[in-house]
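Colleague: Let me see the structure of the following:
(chains A and B)
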Amino acid sequence: MDNPFGQHFLGIEGLSPHHIESLLDRADNYALLNRSRKTPRTLLRERTLITLFFENSTRTRTSFELAGKRLGADVINMSVSTSSVSKGETLLDTAYTLNAMRADLLVIRHAHSGAPALLAQKVDASVINAGDGMHEHPTQALLDALTIRRHYGKLSGLTVAICGDILHSRVARSNILLLNTMGCNVRVIGPPTLLPLTITKMGATPYYSMDEGIKGVDVIMMLRMQKERMQAGLVPSSREYFRFFGLDRRRLNLAKSGALVMHPGPLNRGVEIDSNVADDPVQSVIQEQVEMGVAVRMAVLEKFSQIKAQP
Amino acid sequence: MKPLLFTNVRLIDPKSGLDKLGCLLVKEGKIAAVDLPETEKPPEECELIDGQGAVLCPGLVDMRVTVGEPGYEYRETIATAAEASAAGGITTMAILPNSKPAIDNPALVTLLKAKGEETHSVNILPYGALSVGCEGKEMAEIGLLHEAGAIAFTDGNKALENTRLMMLIMAYARGYNCLVVQHPEDPSLARNGSATRGELATKLGLPSIPAAAEAIMIARDLRLAELTGCRLHFGHISTAEGLELIRQAKAKGLPISCDTAPVYFDLNEEAIGDFRTYAKLSPPLRSEEDRQAVCQALADGTIDAIASDHLPRDVDDKRLPFAEAAAGGTGLVTLLSVTLLRVKEGNLSLSDALSLLTYRPAALLDQHFGTLNIGADADLCLFDPDQTWLVEAGKLPGRAQNTPFDNRELPGIVLGTWKSGRRVYTRQSS
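Modeller: As a prediction, this is how the structure comes out:
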């Protein structure tokens, strides 16, 4: 195969700085084309993209769907709740079925880590990981990196704090991998019940105090705090969580002046982030992240579809 | 406030190692000078107290007290407990959170602190609940409680049984560097038990609790402390086996500490005699071997503090068949005296005994109390270690009278107690 990226896009792990830069460059270009509505609608003509979401996610699925359509692919959304999966079909049976239909790209989101990797072993299509369990969410890390790079002009040397439920977050894992690869300093912030210390081995410095961890950083990535975590007893209450790990104006002022505020969405206002900060017209780049999401996914679909590399 | 000068006192400050005859000057509620040179004249217009050779030491710090407020005011209120603590030479007490409601809400911490200030005689240090309602089911708001001033976290006289929850709470508490205090008794082994398992319980036909219930809980929690890095303290240790586990853990360098109560180094199971419910305690009084092991652990430093484990009960809580009677005994008034028995028996030096009652428990709770440092609040206790007194239930200061030491002749008479330089207790001469 002449594709230097390989057949599947399962994670950030294994990508070289060069690969990442080239994906970001490509995405940057698509961001421009998206704004001028001049995307190459013939690029993925005759290609079939199937989104296979075993976990609900309106925004990621829509983002992939848009990305595929803007490149001219035929996009099919397989809704798992109405499919044979809900009738007891296994993941692999589903894969074989889709394979027989000659899909070219399979975009999969699954609640369990490693599900896309399993699928990738069994199908001819390119498998794109749209989030697997607590493992990776590589396109999210890329869109975050692109957003940061557009503001700072670079990634290396920046200090990025990722704050919240690190333990359960695939977004955190992919970001730690990517940011480290690109030469950033990565901090992770959260209560010990949500912050496994083994994360330091992945290249992140842990902080149990947000006030400490946020000091002087260039970028703050907030993670979504799920209600299930409270029910599971990992955090006593949302008011306590907001008091110690919520991003408000006072905390934001501890970061470097003008630091970017990011969030993968959907937001829990008043739990992990104050509206006042989330809606800050200058520092919050949450909407831009969504925009970059489509551009990044276009670049990924292009690079991982088995078409000849574009100049 | 006039300056206050104690003369002719045996100053003992275990923190600094000071132990000598001398004098101590208090100004504006603070310790201004220790051991004035003979040449220096006392300030004019000062109140003079001639100690006649009695011991003057830091006011005692009691890290394990139940008061009954809020919710059980008929047993004891903060105000009545403060009378008892003043009479016992205690100027700081940590209050367990398993009241009604439990101290699982930051507002209640603030309330208890304010109530303590109203007494003007004792610092109230509230513990926060480990779990909501001290029910062992959901983690309490440890961060907010800590911020409101909870000094450590415990479910009081209940062990936290669920291993996963205990692990999560310890991990979480570590984020705020909070101390977790466990009642070391496996609840499933202790349920319905009323005496320690052994010959006596068998003879009396009482449902019993094996001594191993303590070691089993300690062993589990030591592993959790290792896993989470949380500072862990075991309250009222009473068995040889439990102490041995703690000794080993300390040798390994784990952040572990423990306290015991006078009942566990002075009494053994025989005290329940013919179903004396005033000697029904939790954990239950143990065998003589266990009592001796506690004495040994006091001497070798395994035990970090002596706490009264004051647990007020109403007469009707105790006037029941032994198995149905409520467990617990008062201890504020007798804390110093029963500890002095250890000194009399040569088990501890007076200074070491006082260290277990002053700065060492304070340090465990990250408090500065319990020293004679210049500039420290003049919280002081003046006592005669040799004179004896008779413990008479019904005539003790405070409301609750359920003392396990009824009718005992004990050494050590508290002559006076001062809180921030203000006299809060004066011995009535009999």
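
Colleague: The stretch 201-311 of chain A against chain B: which residues are in contact?
Modeller: A:208-209, A:233-237, A:239-240, A:243-244 (C-beta under 8 Å from any C-beta of the partner chain). Glycine gets a C-beta too; all of them are placed from N, C-alpha and C.

Colleague: Could I have the ChimeraX command that selects the buried members from these?
Modeller: A single ChimeraX command selects the buried members of those (16 or more other C-beta atoms under 10 Å in any protein chain shown):
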select /A:208,233,234,235,236,237,240,243,244
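
Colleague: could you pull out the helices for chain A?
Modeller: Ranges of helices in chain A, per DSSP state H, are A:17-36, A:58-70, A:91-100, A:115-122, A:138-152, A:170-181, A:210-213, A:227-231, A:238-245, A:249-252, A:275-278, A:286-304.

Colleague: Mean pLDDT lowest where, among those?
Modeller: Among the helices of chain A, helix A:227-231 carries the lowest mean pLDDT, at a mean of 80.

Colleague: got a list of contacts for that one?
Modeller: Helix A:227-231 is contacted from outside by A:165, A:168, A:194, A:235-238, A:241, using C-beta atoms under 8 Å, 6 or more residues apart in numbering or on different chains.

Colleague: which two in the residues of the stretch 201-311 of chain A next to chain B are spaced the farthest apart?
Modeller: Using C-beta to C-beta, these span at most 21.5 Å, a distance reached by A:S209 and A:G233.

Colleague: Pick out the residue of the stretch 101-250 of chain A closest to chain B.
Modeller: With C-beta to the nearest C-beta, the shortest gap between the stretch 101-250 of chain A and chain B falls at A:Y208, namely 3.9 Å.

Colleague: that older thread, could you tell me which of the contacts of helix A:227-231 belong to strands?
Modeller: Within the contacts of helix A:227-231, no residue falls in strands by DSSP state E.

Colleague: need the residues of chain B near chain A, please.
Modeller: B:132, B:138-144, B:147, B:164-165, B:168, B:171-172, B:174-176, B:228.

Colleague: One more pass at 7 Å, please.
Modeller: By C-beta under 7 Å from any C-beta of the partner chain, the part of chain B that sits against chain A consists of B:138-144, B:165, B:168, B:171-172, B:174-175.

Colleague: Mind pulling up the pLDDT for the nearest residue to the residue of the stretch 101-250 of chain A closest to chain B once chain neighbours are set aside?
Modeller: Using C-beta to C-beta, 6 or more residues apart in numbering or on different chains and skipping the chain neighbours, the partner closest in space to A:Y208 is B:G175 (3.9 Å). The score at B:G175 is 96. That number is its pLDDT.

Colleague: residue contacts, B:G175?
Modeller: A:191-192, A:208 (C-beta atoms under 7 Å, 6 or more residues apart in numbering or on different chains).

Colleague: and residue 194, how many neighbours?
Modeller: Just going to use chain A. Neighbourhood size, A:L194 [other C-beta atoms under 10 Å in any protein chain shown]: 25.

Colleague: ah, no, chain B please
Modeller: B:S194, neighbours per other C-beta under 10 Å, totals 24.

Colleague: okay, the residue lying closest to it once chain neighbours are set aside: pLDDT?
Modeller: When the adjacent residues along the chain are set aside, B:S194 lies closest to B:A323, with 4.8 Å between them (C-beta to C-beta, 6+ apart). What the model reports as pLDDT for B:A323 is 95.

Colleague: quick one, phi psi at whatever residue of chain B ends up closest to chain A?
Modeller: Chain A sits closest to B:G175 of chain B, with a gap of 3.9 Å, by C-beta to the nearest C-beta. Taking degrees, to the nearest 10, you get phi -60, psi -30 for the backbone angles of B:G175.

Colleague: Next, the buried residues of stretch B:178-198.
Modeller: Buried, per 16+ other C-beta under 10 Å, within stretch B:178-198: B:178-186, B:189-190, B:193-198.

Colleague: Narrow the residues you listed to those in strands?
Modeller: The members of the buried residues of stretch B:178-198 that map onto strands under DSSP E are B:179-182, B:195-196.

Colleague: center of chain A - which residue?
Modeller: For chain A, A:Q140 is the residue whose C-alpha lies nearest the centre (C-alpha atoms, centre = their mean; 1.6 Å).

Colleague: ok, and the closest non-adjacent residue to it?
Modeller: In space, A:Q140 is closest to A:V171, 5.1 Å off (C-beta to C-beta, 6+ apart).

Colleague: can you give me the helices for the stretch 1-150 of chain B?
Modeller: B:78-87, B:106-119, B:142-148 (DSSP state H, counting those that start in this stretch).

Colleague: from those, which stretch is densest packed?
Modeller: Comparing the helices of the stretch 1-150 of chain B by mean neighbour count (mean count of other C-beta atoms under 10 Å in any protein chain shown), helix B:78-87 ranks first with a mean of 26.

Colleague: what about that one, average pLDDT?
Modeller: Mean predicted lDDT for helix B:78-87 stands at 97.

Colleague: Specify the angle between it and helix B:106-119 in degrees.
Modeller: 50 degrees (axes from the mean of the first three to the mean of the last three C-alpha atoms, to 10 degrees).

Colleague: Pull helix B:78-87 out as PDB, backbone CA atoms only.
Modeller: Written as PDB, here are the backbone C-alpha positions of helix B:78-87 (Å, rounded to 0.1, in the frame of the first residue of the first chain):
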ATOM      1  CA  ILE B  78     -21.300  21.500  73.800                       C
ATOM      2  CA  ALA B  79     -21.900  23.800  76.800                       C
ATOM      3  CA  THR B  80     -22.100  20.900  79.300                       C
ATOM      4  CA  ALA B  81     -19.200  19.100  77.700                       C
ATOM      5  CA  ALA B  82     -17.200  22.300  78.000                       C
ATOM      6  CA  GLU B  83     -17.800  22.200  81.800                       C
ATOM      7  CA  ALA B  84     -16.400  18.700  81.900                       C
ATOM      8  CA  SER B  85     -13.500  19.400  79.600                       C
ATOM      9  CA  ALA B  86     -12.500  22.500  81.700                       C
ATOM     10  CA  ALA B  87     -12.600  20.300  84.900                       C
END
